[in-house]
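Generate a structure from the sequence data that follows.
(chains A and B)
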Amino acid sequence: MKTKRLIALLLAVVMAAAMLAGCGESSKKQDDKIAISMYMWDRSMLKGLSPWLEKKFPDIEFTFIQSFNTMEYYKDLLARGEEIPDIITCRRFSLNDAAPLADHLMDLSQTEVAGTFYSSYLEVNRETNGAIRWLPMCAEVDCTMANKDLFDQYGIPLPTNYAEFVAAIDAFEAVGIKGYQTDWDYDYTCLETMQGCAIPELMSLEGTQWRMAYESETEEEQVGLDDVVWPKVFEKYEQFLKDVRFEQGDEELRFSATMDPYYQGKTAMVRNTAALADNITQERGINSVILPYFGETSEDNWLLTYPMCQLAVSKTVERDEAKRKAVLEVLSAIFSEEGQKQVAYGTSVLSYNKEVNITSSPALEYVQDCIDSNHLYMRLASTEVFAVSQDVGHKMMTGEYDAKAGYDAFNAQITNFKDPDAVEVMFTQETAYSNDFTDHGSAAASSLMNTIRSSMEADMAIGFSPTVSTSIYAGDYTLQQAKWVLTARNSVYQGEYTGEEVWRFMDWLVNVKEDGSNPIHHRNLMPVTSGLEYTVTEYERGKFRLEKVTVNGEPLDENATYNLMLVGADTFLEHETFCNCPMPADLKEKRQAYLVDDFSSQECMQEALEKTRQFLEPTEYVTILQGK
Amino acid sequence: MKKRLAALLLFLALAAGLVWAGFTYFGFVSQTIYEESTAHLTEIFHQANQTLYNLVSVNWSRMRMWTPYLERAESDEEIVAYVNQAREESNFTDFYFISRNGEYLALSGDRGYLDLRDQLATLILGDQPIVVNSVVPDQPEIMVFAIPAEHGSYRGFDYEAIAITYNNSDLVDALKISAFDGQASTFAVLPDGRIVVDNGSEDMQKIHNLFALLEESERLTDGEITTLQEDFLVGNSGSIVFDANGSPYYLVYEPANFQNWTVLGIVPANVVNASMNKLQSTTMLVVSGIATALAVLLLLLVIQQNRQKLKRKDHELLIRDELFSKLSINVDDVFLMVDANDLRVEYVSPNIEKLVGIPEQEVLRNIYEIEHLIRTDESVHILDQLSTVLPGEQREWDREYIHQKTGEELWFRVVVFCTDIQGEKKYILDLSDRTKDKKINQKLEDAVYTAENASRAKTTFLNNMSHDIRTPMNAIIGFTNIAMKQEPKPEVRGCLEKIRESSEHLLTLINDVLDISRIESGKTKFAPIPVDITAVADTVLSIIQGFLSNRNIAFRTHLAKLEKPCVLADAVRIREVLVNILGNAVKFTEDGGTIVFEASYHPGADDRHITVRYRIEDTGVGMSEEFVEHIFDEFSQEDNGARTQYKGTGLGMAITKRYVDLMGGTISVESKKGEGSAFTVEIPLELTDESNVQMQELPAAKVDLIGTKILMAEDNDLNAEIAMVQLEELGIQVTRAADGIEAVKIFAENPPDSFDMIFMDIMMPKMTGYEATAAIRAMRDRPDACEIPIIAMTANAFAEDVQASLDAGMNGHIAKPIAMDEVAKTIARNLNRYPV
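As a prediction, the model looks like this:
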């Protein structure tokens, strides 16, 4: 009997071994989703890309955070002992800027997704050690936007070279129309116009050699401006400013101040992107087309481009093989044709990836020869170049610098750049507050909003959507670091509202609209409040319903009057491309009346912090319930 | 079992050996195939690589040849013609003039920027030829071969280099190989694995990085991939095998010898090894087949053995089933098996209907049908008690049932066993029909009752007969003795002598009959007491001397000495046995004869026992052989006329034999007619301590009883008269009471110590002797009431009668007919009178 049992046991063992051998890899845990955090350089990515990714990867728990368009933020994270988020994006990019992050980012050179890139585009991002840590998203075109209708109206031909460009400006000036204007206040405008007017020089053999040297510079060996190419750049810029008839004060022009005259037919040309040109054509019926940065001949015309953004992966992802695979799958999806369309919305000029065809923007009709001849200049976009371009550019605009002085100042700053906002410690934060979004919101966001409200002596404050992109850390804060707590420089409004109006305001910010427009498709977009609390029900994933608004725990009195402070830009909420949730007209009209002029949310925060010298204690401003 | 184990181990060792040999062979074959295949592949792909290198080399050679010609060309048209001719030779896609800043001008006049990155400086400033991947919008990736040229101009375009470009597909042609039916892939890759020239086969489409592909291979370790990366970097050649799409692939690689490319070939292993794999798979198939056959054989063996075992078990079950079935039908027991959970009947023996009148199917449907059998409702329902019976226990109940068809009254013994069968609790009920037993027992009880009644009647009869015969016998013997003492005439004396002899014979006959009856009824008990066994023989001899007093018989004795004579023995019975035998010897030995009495002692079964042997020989009349066989039968007397000569009851030897048997001894007889007889008696005896031995009763002797005052209660006037006459002859003063009441009254009315002793008859009217004794003993105001000896004087002569008298508070017992010697000894003993 024992012998038979032994035989039976052996057979069972053999069978079990055979069965086990037939099994493949251990199955993935069904319930445990892989968590991936992704920092978006701009909120526009939250509109199309994030919901698309969530739908495409139901087994991944994404956390999308609106972040900053600078490498400095991530450097600061590392300096505070934090880890880089799983996937980070940044539009302002240069290899030398990204170098300090290299040890914390994955080398993607041997991944399948990197293999999908055209070599010539990818090689730009290759480090000296062969590593490739940043992958560029399809190219955006940012040149001169022309009101074609206006050109036609006045019979002025669209220019094909620099002389014709100047002639067109003159022609418009002659009829009382500003020939060229732009939002000179911004650093990117200064940078792009400065480089745009001298692309042939910058793309010369000497120019490209200098650029390669500059982007390979190290902290110890800073590379100054080339003395062959760059003096010509400043000379041409000086001339450019004259030719576009720059006037004193224009250096303070911002977007709206520039665009309103354009919409009104009072300006013929402005600096802008192909995406916006298409949008204006579609939205406002103004036939806007992109013109290149002109050279002496049409063969010298160039388009200024830059990747929509650059994307990198934290090295921490490599600790978990399953997560590494998941992240690479996400990257492959993002850089697929469908993924890039979620980012570019058909406004890109070209894809950097093989097998990805992106339909060219209609606004690019008149620059097709530039595209065909590969006259696509990728802007030099290091942080310091942005800052120095703004400083030097403004001084050239105001006449403080001529070309030579401009060159010298630029050269001096670029080899020893210090952001003034990042030098002086403003205060020391005693308590850290996390930006993790719980059922009671973000502690960091609440702290910020409580801090801002404290300086404005308002009864309550409402930030439209995510106003905070980072946790508040214990430790020293410079002004620059404080500004990173607040995502953007939004407008600030303050005035008297009834309880009923406050309710309607919250309703507009939270509830899904009748046409399906959804301002909060992710809980991270939930508005942050101070001085009032609200309760919402997530009745469907990414869909919320406002249930209750209280003031210090008491029900909101609809008839009472409250001094309400509003912080935020409604562009994202109201724009058809994004949330398409127009603010009720009466509320909008009232809000506009309460606009605090020349006072952005960042300035508001700065003012508050100068008083409090501390981010204040957060409150549980929201309660998110799950239900139907 | 050991042999089987050894066989199994041998089998396992063989199997392990086969497996080891299989793996070794498989490994050897695989390695050989791998080496052969990679060598073959390396050669093939080296040719492809060489083709690519030749293309590049030729291009550069040709381009160097073109440069001077282009410089010397006199017109643009001439240049165009020349380049078109060159295109036909080299099959390139485009021809470019390249300016210092990287601008190009095509033959067609198209201009643009050719992004050569850092290679532009190599080309222009370094004056080196370059090969570089580049791209222009909406065009496939191109490979640019450029060489520096003397400053020249074409269509007004100043150039410093010329270039030809190939689309990827053009280079792919160079890498194409005709072998393997299009299933081979050829790639040129950068050191980081990025594919720059893609000649992938159908199953290697959409691959952009070799290392990303290899990372998915379970076959490769991280170390092997790292080695591969290093090989690519330093330009080594090599080969590996990796998995993709679930299949193995061969990868051979070698440097492209220009730029930093590596050319590699990938072919499915099964394609490369098609024929070898067939051989290998056939071999493995055969080996696997043999192994499988062995395994199947083993499996079949096990299955066969299991089947045989099952068959045997089935057979045994069938036999048991049949046996149980037949037994169930033919026994008076009904068996049921009931599930403990729901009391579902799983089995009921088919004889249930016959035994209790309930159909089998009804009980199968409902166990509670058997409760209907109960004759009275008072009985506890057994089914309600089942839950109290635990596994391994059994309980029993007796039940009176009614046969449900015949109405017959039945007695059943219900036994419930609780058992656990493979985890399931079951009750087994045995309803055993005990009706026949019950009836037999009833009859037996009746018979016993009847027998006991008969026994009691016999006892009563014997007691009555004893009493009723002894009473007149007492008178006859008494008065004969009185008459004899009156000095009658010789004729009268003769008559009186005959009356006395006849009376004594009759009394002996009565005593013997009573004795044999009592022995047979078991009332005679063997009562050993500590005695000196040698004294027993002495006593017997003294008795026998009396028998021999008027005879001329030589009597010889041989009495052995015994060191430790103290034994446990019934001396009275031994004495009776010996007296009986010796009495017969005297009786049947004529004068002039001889009687020999021997007593000897022999070792017993152990140290604590001895055997006493008595032998009595005489030279008497002897017995025939036929009679000797029946000598111990009751009432056996040899019919030889001796009966008239030797008076006997015919019960003496029967009683003797019974006594010897009672004592565990043996008696044997040897006799010869006319010569004499010899009796041998052997009795086992247990030794005891000397201190326990009672003094032997002394033989009777004359005592002085004059003046003794006796109150005698006797209802029979004749007996009273006889007793009074004989007692008064001894000088005793006798006061008679006619019954028990009177005796009590006389005792009470006389002052204390008026009487020395009371003789009390037992069976008296009004008040028995027992009652009178009790009344006297109960007189608390009379100090002598408790002390006065009261002697039963009764015809109730049995031992139990003696005991009954003692139990009633009396001090002794005298049986009627009275013997005055015995009476005198009793009086003397109780009054502490001793011989004078």
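
what does the stretch 551-700 of chain B have sitting close to chain A?
Contact residues (C-beta under 8 Å from any C-beta of the partner chain) of the stretch 551-700 of chain B with chain A: there are none. Any C-beta I mention is one placed from the backbone N, CA and C, and that applies to glycine too.

Now the host helix or strand of A:Glu206: buried residues?
Using DSSP states H and E, A:Glu206 sits in helix A:205-215. Within helix A:205-215, the residues that count as buried by 16 or more other C-beta atoms under 10 Å in any protein chain shown are A:Leu205, A:Glu206, A:Gly207, A:Thr208, A:Gln209, A:Trp210, A:Arg211, A:Tyr214, A:Glu215.

again with stretch B:261-279
B:261-269, B:271-273, B:276-277.

Dump it to PDB, keeping only the CA atoms.
In PDB, the C-alpha atoms belonging to stretch B:261-279 read as follows (Å, rounded to 0.1, in the frame of the first residue of the first chain):
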ATOM      1  CA  TRP B 261      26.700  51.700 -36.300                       C
ATOM      2  CA  THR B 262      26.400  48.000 -35.600                       C
ATOM      3  CA  VAL B 263      24.900  45.800 -38.200                       C
ATOM      4  CA  LEU B 264      22.900  42.900 -36.900                       C
ATOM      5  CA  GLY B 265      20.800  40.100 -38.200                       C
ATOM      6  CA  ILE B 266      17.900  38.400 -36.500                       C
ATOM      7  CA  VAL B 267      16.500  35.100 -37.600                       C
ATOM      8  CA  PRO B 268      14.000  32.800 -35.900                       C
ATOM      9  CA  ALA B 269      15.800  29.900 -34.400                       C
ATOM     10  CA  ASN B 270      13.400  27.400 -35.900                       C
ATOM     11  CA  VAL B 271      14.100  28.800 -39.300                       C
ATOM     12  CA  VAL B 272      17.800  28.600 -38.900                       C
ATOM     13  CA  ASN B 273      17.700  25.200 -37.300                       C
ATOM     14  CA  ALA B 274      14.900  23.800 -39.400                       C
ATOM     15  CA  SER B 275      16.600  20.500 -40.200                       C
ATOM     16  CA  MET B 276      18.600  20.200 -37.000                       C
ATOM     17  CA  ASN B 277      15.500  20.900 -35.000                       C
ATOM     18  CA  LYS B 278      13.700  18.200 -36.900                       C
ATOM     19  CA  LEU B 279      16.400  15.700 -35.900                       C
END
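
Quick one: mean pLDDT for it?
Mean pLDDT, stretch B:261-279: 81.

and that stretch, anywhere near chain A?
No - using C-beta under 8 Å from any C-beta, stretch B:261-279 never reaches chain A; the gap is at least 11.3 Å.

just checking, B:Ile655 touches B:Leu514?
No - between B:Ile655 and B:Leu514 there is no contact under C-beta atoms under 8 Å: 10.3 Å.

Number of residues surrounding the closest residue to A:Glu620 other than its chain neighbours?
Leaving aside its chain neighbours, A:Glu620 sits nearest to A:His440 (4.1 Å; criterion: C-beta to C-beta, 6 or more residues apart in numbering or on different chains). For A:His440, the count of nearby residues is 15 (other C-beta atoms under 10 Å in any protein chain shown).

how about A:His440, what does it touch?
A:Glu620, A:Tyr621, A:Val622, A:Thr623, A:Ile624 (C-beta atoms under 8 Å, 6 or more residues apart in numbering or on different chains).

quick one: it from A:Val551, how far?
As judged by C-beta to C-beta, to the nearest Å, A:His440 and A:Val551 stand 17 Å apart.

again with B:Tyr53
80 Å.

quick one: pLDDT of the nearest residue to A:Ala102 once chain neighbours are set aside?
Leaving aside its chain neighbours, A:Ala102 sits nearest to A:Arg133 (6.1 Å; criterion: C-beta to C-beta, 6+ apart). At A:Arg133, the model reports a pLDDT of 96.

Could you do A:Phe93 as well?
92.

again, but for A:Arg5
On pLDDT, A:Arg5 comes in at 48.

Hmm, B:Thr283 and B:Val29 touching each other?
Yes - if you go by C-beta under 8 Å, B:Val29 and B:Thr283 touch, sitting 7.4 Å apart.

The two: which is more packed in?
Comparing B:Val29 with B:Thr283 by other C-beta under 10 Å, the one with more neighbours is B:Val29, at 17 against 14.

The residue of the stretch 401-550 of chain A found nearest chain B - how many residues pack around it?
Nearest residue of the stretch 401-550 of chain A to chain B: A:Tyr407, at 20.9 Å (C-beta to the nearest C-beta). Using other C-beta under 10 Å, A:Tyr407 has 23 other residues around it.

Next up, the contacts around it.
A:Leu225, A:Trp230, A:Pro231, A:Val233, A:Phe234.

Swap in 10 Å and give it another go.
A:Tyr407 makes contacts with A:225, A:227, A:230-235, A:237-238, A:392, A:396, A:401, as judged by C-beta atoms under 10 Å, 6 or more residues apart in numbering or on different chains.

closest to chain B among the residues you listed?
Nearest to chain B among those: A:Lys232, at 13.1 Å, using C-beta to the nearest C-beta.

The closest one touches A:Ala403, doesn't it?
Yes - between A:Lys232 and A:Ala403 there is a contact at 8.9 Å, judged by C-beta atoms under 10 Å.

Next one: the residue of the stretch 151-300 of chain B found nearest chain A, what pLDDT does it get?
Per C-beta to the nearest C-beta, B:His208 is where the stretch 151-300 of chain B lies closest to chain A, at 2.5 Å. At B:His208, the model reports a pLDDT of 88.

try B:Gln205
So, for B:Gln205, pLDDT stands at 79.

looking at it, it is touching B:Asp198, isn't it?
Yes - the criterion here is C-beta under 10 Å, and B:Gln205 meets it with B:Asp198 at 8.9 Å.

do you know how far B:Arg575 is from chain A?
75 Å (C-beta to the nearest C-beta, to the nearest Å).

Can you give me the domain assignment for the chain?
The chain I'm using is chain A. What automatic domain parsing lists as the domains of chain A is A:34-136+A:309-344, A:140-306+A:362-414, A:425-626.

right idea, wrong chain: chain B
B:73-167, B:177-277, B:321-433, B:440-509, B:525-692, B:709-830.

where along the stretch 201-350 of chain B do the helices fall?
Counting by DSSP state H, counting those that start in this stretch, the stretch 201-350 of chain B has helices at residues B:210-215, B:222-234, B:269-272, B:274-330.

could you dump these to TSV with distance to A:Asn357?
Shown next, in TSV, are the helices of the stretch 201-350 of chain B (distance: least, C-beta to C-beta, whole Å):
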stretch	distance to A:Asn357
helix B:210-215	23
helix B:222-234	31
helix B:269-272	34
helix B:274-330	40
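
of those helices, which approaches B:Phe555 most closely?
helix B:274-330 (72.9 Å; C-beta to C-beta).

roughly how far out does the closest one sit from the chain middle?
With C-alpha atoms, centre = their mean, to the nearest Å as the basis, helix B:274-330 stands 34 Å off its chain's centre.

Stretch A:128-136 too?
22 Å.

Same check on stretch A:444-459?
25 Å.

what are the C-alpha coordinates of that stretch, in CSV please?
Output of stretch A:444-459 as CSV, limited to C-alpha atoms (Å, rounded to 0.1, in the frame of the first residue of the first chain):
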residue,chain,number,x,y,z
ALA,A,444,-1.3,73.5,0.9
ALA,A,445,-4.0,75.2,-1.2
SER,A,446,-6.1,76.0,1.8
SER,A,447,-3.1,77.5,3.6
LEU,A,448,-2.3,79.7,0.5
MET,A,449,-5.9,80.8,0.2
ASN,A,450,-6.2,81.6,3.9
THR,A,451,-3.0,83.5,3.7
ILE,A,452,-4.1,85.6,0.7
ARG,A,453,-7.5,86.3,2.2
SER,A,454,-5.9,87.5,5.5
SER,A,455,-4.2,90.4,3.7
MET,A,456,-7.4,91.4,1.8
GLU,A,457,-9.7,91.6,4.8
ALA,A,458,-12.3,89.6,2.9
ASP,A,459,-15.0,87.6,4.5
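
Now do the buried residues in it.
Quick answer for stretch A:444-459 (16+ other C-beta under 10 Å): A:444-456, A:458-459.
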